[in-house]
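> sequence unknown, structure follows:
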């Protein structure tokens, strides 16, 4: 018999006070955490009336970070930031750092005034760095990019990037840099590719050096999740950890579809949470990192799991016969096209970082992503500023990497990346960096943990209108969808910004706050941005930037 958790009844005072309401947030990622914070900060809700229900034993979702020097640190991924993440900075301007010395936003902005990303080795070929490589686009490629920037999304439909460009485009250095920065594949959505072109048009100039990319001081779990969690805990938010939501019961209330019950499994035991008419339910749809598996130095991660339980299973269940709730199969049923392998390497010796510094010209934290375009795996690495974890010892360093072509054999290890142990992955990376004499010593002292993620780019799968539901679906009253798989025009998925924007949109609508998110920055409407992008795409120097002071070009 399920346990019934009755909501707290409002006092019967006979006054005109607004009715008591509770909020249930399904999923413990950054979207739910942001929504809870906004409900408290802007909606005057009490923390004790907000419950976050999370399947795992920790918050943060895909913004994770864990491990130790002895067993190895683990990051499934890392998100880049840039100056136009207005929703993210607006939220974290209210959240203090763990030491309460400043706000998280102040910390990020101050940090990036000191640590500027300017890659001196964006591509690395044949043991040699390429500083500011040319894009290498033909006029036909550029015309296609320009067409995509203005073509309505409904005309692109579910077409792929490969449907828009001839095969030569995918051999250009522009593609190698663009696809590895954002994790695109040729079979991914042309609509999503278009959105990225428009959304980051202001970064095309300088993209070959990754200029404009911003980072947090530490990994995003330590720099974002932990401070936000501490803020929520202080205000009494309820965290239902190790709880999997397996179903949501709905009732038709006149014209609206209204959730009435949330069914969960907590430690294997069923629970039932009644949802009142005034209560709110916010659901994080899907998951980029569901069914992830870790390997070791001597064992690869297990093969990608194509089953769709957890958040995917919940979305499939509630979307059945409800077209307004989207089509999860569009994103979840293509594991061979949405998977890749990342790896986190813990170094107990400074040799590797010293050699990479000398080969690339960048110290940790300055270079950003280094891609090996001739790699069979299309592998990349990024070496962040050290320490990357709070409490990381001074004599320990951490770096992260990933591969996009995980089912192709490597160049130094003749196996697919998906079947490689941490030792084999490090052997491949050392080979592409032309590190030979020191390789045995590095391999004997490092800990490389590979991670298989079957759904990591599922949000990029070809889609059309209706595949992703609106944040507040038509025909609902107290329900909202948040995270990477709801539809918000103009902005781009696979970003922290998208998750936080969805949270702001949802809370504003459900609580009728009249505080919508700040508009998405549209550099493509700025002639100065377009002017610079034009010269960058043509591998030309900006003549105005080259003109001496007081003259015209």
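Okay, I see it. This structure is a prediction, so every number in the text was calculated from the model and none was measured.

> strands of the stretch 401-550 of the chain, residue ranges please.
Assigned by DSSP state E, counting those that start in this stretch, the strands in the stretch 401-550 of the chain fall at 446-453, 479-482.

> so which of those is the most packed in?
Each of the strands of the stretch 401-550 of the chain was scored by mean neighbour count; the highest is strand 479-482, a mean of 27, by mean count of other C-beta atoms under 10 Å. Yep, even glycine has a C-beta here, placed from its N, CA and C like the rest.

> helices or strands up against that one?
Here strand 479-482 touches helix 30-41, strand 256-266, strand 280-284, helix 496-511, going by 3 or more C-beta pairs under 8 Å, 6 or more residues apart in numbering; DSSP states H and E.

> how far does stretch 126-141 stretch from one end to the other?
Taking C-alpha to C-alpha, to the nearest Å, stretch 126-141 runs 26 Å from one end to the other.

> then stretch 483-494?
9 Å.

> which positions in that stretch come out as buried?
483, 484, 485, 486, 487, 488, 491, 492, 493, 494 (16 or more other C-beta atoms under 10 Å).

> before we move on, back to that, any chance of the helices and strands packed on strand 479-482 in a markdown table, with distance to residue 100 and mean neighbour count too?
As requested, the helices and strands packed on strand 479-482 are exported to a markdown table (distance: least, C-beta to C-beta, whole Å; neighbours: other C-beta atoms under 10 Å):
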| stretch | distance to residue 100 | mean neighbour count |
| --- | --- | --- |
| helix 30-41 | 16 | 27 |
| strand 256-266 | 33 | 18 |
| strand 280-284 | 28 | 28 |
| helix 496-511 | 22 | 25 |
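
> return the member of these having the minimum mean pLDDT.
Among the helices and strands packed on strand 479-482, strand 256-266 has the lowest mean pLDDT, at a mean of 93.

> just checking, what packs against the helix or strand following that one?
Next along the chain after strand 256-266, taking DSSP states H and E as the criterion, comes strand 269-274. Under the contact criterion of 3+ C-beta pairs under 8 Å, 6+ apart, strand 269-274 touches strand 3-4, strand 256-266.

> closest to residue 221 out of those?
strand 256-266 (23.7 Å; C-beta to C-beta).

> and for residue 516, the neighbour number?
A count of nearby residues for residue 516, using other C-beta atoms under 10 Å, gives 11.

> thinking again about what came up before, the strands of the stretch 401-550 of the chain: which one's closest to residue 265?
Using C-beta to C-beta, the nearest of the strands of the stretch 401-550 of the chain to residue 265 is strand 479-482, at 21.3 Å.

> lowest average confidence, helix or strand, in this protein?
Lowest on mean pLDDT, DSSP states H and E among the helices and strands of the chain sits strand 3-4, with a mean of 38.

> now the element after that one, going C-ward?
That would be, after strand 3-4 and using DSSP H and E, strand 23-26.

> quick check: mean pLDDT of that next one?
Strand 23-26 comes out at a mean pLDDT of 98.

> which neighbours does it have in its sheet, and in what orientation?
Strands that pair with strand 23-26, judged by DSSP bridges, come out as strand 50-53 (parallel), strand 280-284 (parallel).

> will you turn these into a markdown table that also has distance to residue 64?
Output for the strands paired with strand 23-26, formatted as a markdown table (distance: least, C-beta to C-beta, whole Å):
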| stretch | distance to residue 64 |
| --- | --- |
| strand 50-53 | 16 |
| strand 280-284 | 15 |
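
> where does the stretch 1-150 of the chain have low pLDDT?
The stretch 1-150 of the chain contains residues with pLDDT under 70 at 1-18.
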